[in-house]
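Q: Next input, structure requested:
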Amino acid sequence: MSEKEDHYWDEIDDFLDGHLDRQAHEAFQQRLANEPELAKDTLFQQEMRQGIAYGSQDDLRSRLQMIHEETVGQQTARIAPIGRQLWLRWSAAAALLIGALGILFWLQQKPSPEQLFAANYEVYQLDATTRGAEENEQHSKALKAYQQKDYTIAIEQLSNILQNDSENPTLQLALAISYWENGQPQQAQSAIKTLFNHPLLKGQAYWYAALFALAEAKPEAAASYLEKVPSDSGPLSVKAVKLLKQLKK
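A: Take a look at the predicted model:
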């Protein structure tokens with residue numbers, strides 16, 4: 001592939017890995033809305049990565065068959081000898097097929113709890129629309145530290161805020177994630193459990209509790225939490241059902 005094509009796929013990987021800063025992330029999301037080809041490639045890359053989490057083996061087989069048929073069709077339609085650019089395209093297609101088949105083989109194996117965690121975990125997004133996030137300097141510091149992944153400072157600031165504003169569940173969720181990212185799993189689990197009965201965030205709370213359990217190789221506990229994700233939690237409930245199926249496979 002050309003350097004331009006390499007950069008194209010690197011951007012998709014950075015977006016899916018959460019490596020883009022806030023401004024670049026928003027810009028990429030805008031491009032997804034305006035560039036159908038980019039949106040299709042990003043979705044396919046995500047499906048390839050998260051096949052385990054979302055139980056999409058059948059979908060992946062269909063996509064591989066489609067790639068194969070398109071590739072064969074391109075081959076029979078061309079009469080001219082294979083030049084360098086065509087050879088590079090064929091090499092890229094072959095590499096994609098080989099890599100995808102390897103992933104498909106991997107999907108047939110029962111994934112470990114740690115693999116399921118890695119395929120599903122994403123840091124909770126705390127943004128400026130959070131209640132009170134711009135009310136005072138302490139809120140601003142907490143928000144900035146969290147977004148910049150300075151979780152030690154985020155824990156300090158969020159803990160201080162919650163001492164005086166214990167009814168801010170979004171910041172409580174951010175505190176739990178900060179503890180987890182800071183290598184303090186017990187504190188993260190304690191913080192997330194306080195949201196189990198919250199009417200709006202209980203789905204997120206049980207979801208992250210399940211992921212924390214997976215990371216610690218406790219699939220039974222993870223399954224128990226996933227079963228408690230409310231069915232009206234939208235896309236999150238769909239993810240929980242599919243992940244639960246993977247655990248019970």
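Q: which phi and psi does K218 have?
A: phi -120, psi 70 (degrees, to the nearest 10).
Q: Correct me if wrong: it contacts P113.
A: Yes: assessed by Cβ atoms under 8 Å, K218 is found in contact with P113 at 7.1 Å. In short, each C-beta sits where N, CA and C put it, glycine included.
Q: Which one's more surrounded, those two?
A: P113 (20 against 15; other Cβ atoms under 10 Å).
Q: Might you report the residue contacts of the more buried one?
A: A213, L214, A215, E216, A217, K218, P219, A222, L247 (Cβ atoms under 8 Å, 6 or more residues apart in numbering).
Q: This protein: helices as residue ranges?
A: Using DSSP state H, the helices of the chain run over 3-17, 22-34, 36-49, 51-54, 57-77, 84-108, 113-120, 137-147, 151-164, 169-181, 185-193, 202-215, 219-226, 235-247.
Q: Output these in CSV, with mean pLDDT and distance to L126 appended to each entry.
A: Shown next, in CSV, are the helices of the chain (pLDDT from 0 to 100; distance: least, Cβ to Cβ, whole Å):
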stretch, mean pLDDT, distance to L126
helix 3-17, 82, 18
helix 22-34, 83, 11
helix 36-49, 77, 22
helix 51-54, 45, 23
helix 57-77, 55, 32
helix 84-108, 53, 32
helix 113-120, 89, 19
helix 137-147, 88, 5
helix 151-164, 93, 9
helix 169-181, 95, 5
helix 185-193, 96, 14
helix 202-215, 96, 12
helix 219-226, 96, 22
helix 235-247, 91, 17
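Q: Not counting its own residues, what contacts stretch 194-212?
A: By Cβ under 8 Å, 6+ apart, the list of residues contacting stretch 194-212 reads 117, 120-121, 124, 169-170, 172-173, 176-177, 180, 185, 188-189, 192-193, 221-223, 225-226, 228-230, 233, 236-237, 239-240, 243.
Q: So for it, what gets flagged as buried?
A: Across stretch 194-212, burial judged by 16 or more other Cβ atoms under 10 Å covers 194-195, 198, 201-212.
Q: hang on, isn't A154 packed against A145?
A: Yes: A154 is within contact range of A145, at 4.1 Å (criterion: Cβ under 8 Å).
Q: The two: which is more packed in?
A: Between A154 and A145, counted using other Cβ under 10 Å, A154 has the larger neighbour count: 27 against 19.
Q: Tell me who's in contact with that one.
A: Counting by Cβ under 8 Å, 6+ apart, A154 has contacts A142, A145, Y146, A174, L175, S178.
Q: Emit the ChimeraX select command for whichever of the residues you listed are buried.
A: Filtering the contacts of A154 down to the buried ones (16+ other Cβ under 10 Å) takes a single ChimeraX command:
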select :142,145,146,174,175,178
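Q: Including distance to T42, could the contacts of A154 go into TSV?
A: TSV is the format used below for those (distance: Cβ to Cβ, whole Å):
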residue	distance to T42
A142	31
A145	29
Y146	25
A174	26
L175	31
S178	28
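Q: Going by distance to L20, which of the contacts of A154 wins?
A: Y146 (16.1 Å; Cβ to Cβ).
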